[in-house]
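J.: I would like to see how this sequence folds:
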Amino acid sequence: MQIVKRKYYTNQEIQYKFIGFEYTKEFGSGTRITVHLNMTRKTIAFSINGVRHPEITAWLNLPSRLYPVVSLRPPGRIRFI
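T.: Okay, here's the model as predicted:
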């Protein structure tokens, strides 16, 4: 799979777009996003409102050191647990 190395963020929507593959559908206010980060396997996946999506295979073998980054627009809120 050829990767487009760009992330698109529009209207409270997050889409990781690859050629021929859209990871999630649009979502809005009140959406709960969970990050599933497995540092042993070096993989990542996301859940949207409790629905788990597959690992992002283009991001296999993640680096050993990662930093959480989030971008929100008002009145967006975030809580790390």
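J.: for Ile44, what are its contacts?
T.: For Ile44, the contacting residues are Val35, His36, Leu37, Asn38, Glu55, Ile56, Trp59, Leu62, by C-beta atoms under 8 Å, 6 or more residues apart in numbering. Any C-beta I mention is one placed from the backbone N, CA and C, and that applies to glycine too.
J.: quick one: what helix or strand has it in it?
T.: Under the criterion of DSSP states H and E, Ile44 resides in strand 43-48.
J.: follow-up on the earlier one: nearest to Arg79 among the contacts of Ile44?
T.: Val35 (12.3 Å; C-beta to C-beta).
J.: Low-confidence regions, the protein specifically.
T.: 1-22 (pLDDT under 70).
J.: What segments of it are strands?
T.: 7-10, 13-18, 21-22, 33-38, 43-48, 51-52 (DSSP state E).
J.: could you give the angle of the fourth one to strand 43-48?
T.: What separates the directions of strand 33-38 and strand 43-48 is an angle of 160 degrees, with axes from the mean of the first three to the mean of the last three C-alpha atoms, to 10 degrees.
J.: begin at 842 from here
T.: In the new numbering, first residue 842, that becomes strand 874-879.
J.: could you say what helices and strands strand 874-879 packs with?
T.: Packing contacts for strand 874-879, counted by 3 or more C-beta pairs under 8 Å, 6 or more residues apart in numbering; DSSP states H and E, involve strand 884-889.
J.: Relative to the strand it packs on, what are the paired strands and their orientations?
T.: Paired neighbours of strand 884-889 in the sheet (DSSP bridges): strand 874-879 (antiparallel), strand 892-893 (antiparallel).
J.: before we move on, back to that, of the contacts of Ile885, buried ones?
T.: Among these, the ones that count as buried by 16 or more other C-beta atoms under 10 Å are Ile897.
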